[in-house]
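Q: please work out how this folds:
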Amino acid sequence: MAILPDEIIENILLRLPVKSLLRFRCVCKAWRALISDSEFAEMHYQQPQTQARSRVLISCPGSVIRSMDPDASGNDNSGVVNIDYPLEPSNLVFQILDSCDGLLCVIDSFHNPALWNPSTRQFNPLPKPSFLENSDILYGFTYDYSSDDYKIVRVVSTSRDVIKTEIDVFELKTNEWRRVEETHYSRPAWDVGTFLNGAFYWLAWRLSEGHEGFSRVVVSFDLKEERFKEVELPSDVGIINLRVFGGYLSAMYHDLYGELTKMWVMEEKAGKDSWANVATLPFRSENDSDGPLLCWFANFLKNGGEFLLVINKWKLILYDFKTKTHKDIMFSGDLGLSIPVLYTETLVSPYCINETNEDV
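A: I've put the predicted structure just below:
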């Protein structure tokens, strides 16, 4: 029987889904070594077939984690599966921050962080910050291209004497937390932020001029320069969430009655940041409740034309930005205040970069 060259075998394996690759590690030692290699994991992640395998992960009340196919719709519930969280007790409260290269960053109620690949079931508990204050805290997770490292950003705001925000950064390569010297006089207004071009963005309260009250502003922290920056909001907004759409910072908010949800994107014009209203989304139907139609800004799919929203904490909507149409995604149960996280099924290890995946 003819034996295929190694290059062709590798080319075939690169096109397969993670579930199949994990099974094929048992074929022989050579395949196990290849599939466990970090360079193979990176090449596999870059494949168009891999990029297309995005799933939605939702942390529901009662510590139930569900993974679902965003293309599932109507009454078809076959694309929804429950995922076992690696730690006990099962009722531990935790927050899924975000996804990066198929890795999820998870923070529990005791501020214990971990990196988790739900596709390979690898789980890496990380040290928690030694400086834990009673304060407003916001977390973010990203891959920092400037340092070739995965990082967790912790935004900490205290109000002992003055309202001040400080930044803690965890670096996977060193497996340590450190506090940044730079500070900002504000406090987080929402516990969700987003990364764009190496900077972490979040909504904050700051003292108005004359210290007569507070106003809201978008604050960003650049990971490479370790500097803060302020971005004015597009208008006097209601509930707001920040995400990235088409390479731009996006903001979504509601009118006072919850009838409409508007989406803005921030563009640079003549060297200055400028907001543009790009969509108005009326999602009320005869089956919706009589109360305000709260639309939690969830996340965008990678094709740039669709994004997910949570309506009234129980309904998932997939909105097509190009055709301006939307469809329901089948989901049974209360979503609570969780924001769905989009992740890609990959072989990327949650341990230090360049380590192998032999323990999968």
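
Q: does S349 touch R121 like I think?
A: No - with contact defined as C-beta atoms under 8 Å, S349 and R121 do not form a contacting pair (11.8 Å). Placement of C-beta: from N, CA and C, glycine included.

Q: of these two, who's got more company?
A: Between S349 and R121, counting by other C-beta atoms under 10 Å, S349 is the more crowded of the two (25 against 12).

Q: and the more buried one, what element?
A: Using DSSP states H and E, S349 sits in no helix or strand.

Q: then M263?
A: Using DSSP H and E, M263 sits within strand 261-269.

Q: L4 too?
A: Assessed by DSSP H and E, L4 sits outside every helix and strand.

Q: ok, now which ones touch it?
A: For L4, the contact set (C-beta atoms under 8 Å, 6 or more residues apart in numbering) comprises I12.

Q: from Y319, how far off is it?
A: 45 Å (C-beta to C-beta, to the nearest Å).

Q: which element is the residue lying closest to D98 once chain neighbours are set aside on?
A: Spatial nearest neighbour of D98, chain neighbours left out: F141 (4.8 Å); criterion: C-beta to C-beta, 6 or more residues apart in numbering. Element membership of F141 [criterion: DSSP H and E] is strand 136-144.

Q: helix or strand next in line after that strand, which one?
A: Using DSSP H and E, the helix or strand that follows strand 136-144 towards the C-terminus is strand 149-158.

Q: what's the angle from whatever helix or strand comes next after that next one to strand 136-144?
A: Counting by DSSP H and E, the next helix or strand C-terminal to strand 149-158 is strand 164-171. Put simply, strand 164-171 runs at 40 degrees to strand 136-144, going by axes from the mean of the first three to the mean of the last three C-alpha atoms, to 10 degrees.

Q: now the very next helix or strand once past strand 164-171: average pLDDT?
A: Proceeding C-terminally, strand 164-171 gives way to strand 176-179 as the next helix or strand, assigned by DSSP H and E. The predicted model assigns strand 176-179 a mean pLDDT of 93.

Q: list the helices and strands the very next helix or strand once past strand 176-179 packs on?
A: Sequence order places strand 187-196 as the next helix or strand after strand 176-179, per DSSP H and E. Strand 187-196 sits against strand 136-144, strand 149-158, strand 199-207, strand 240-245, strand 248-254, with contacts defined as 3 or more C-beta pairs under 8 Å, 6 or more residues apart in numbering; DSSP states H and E.
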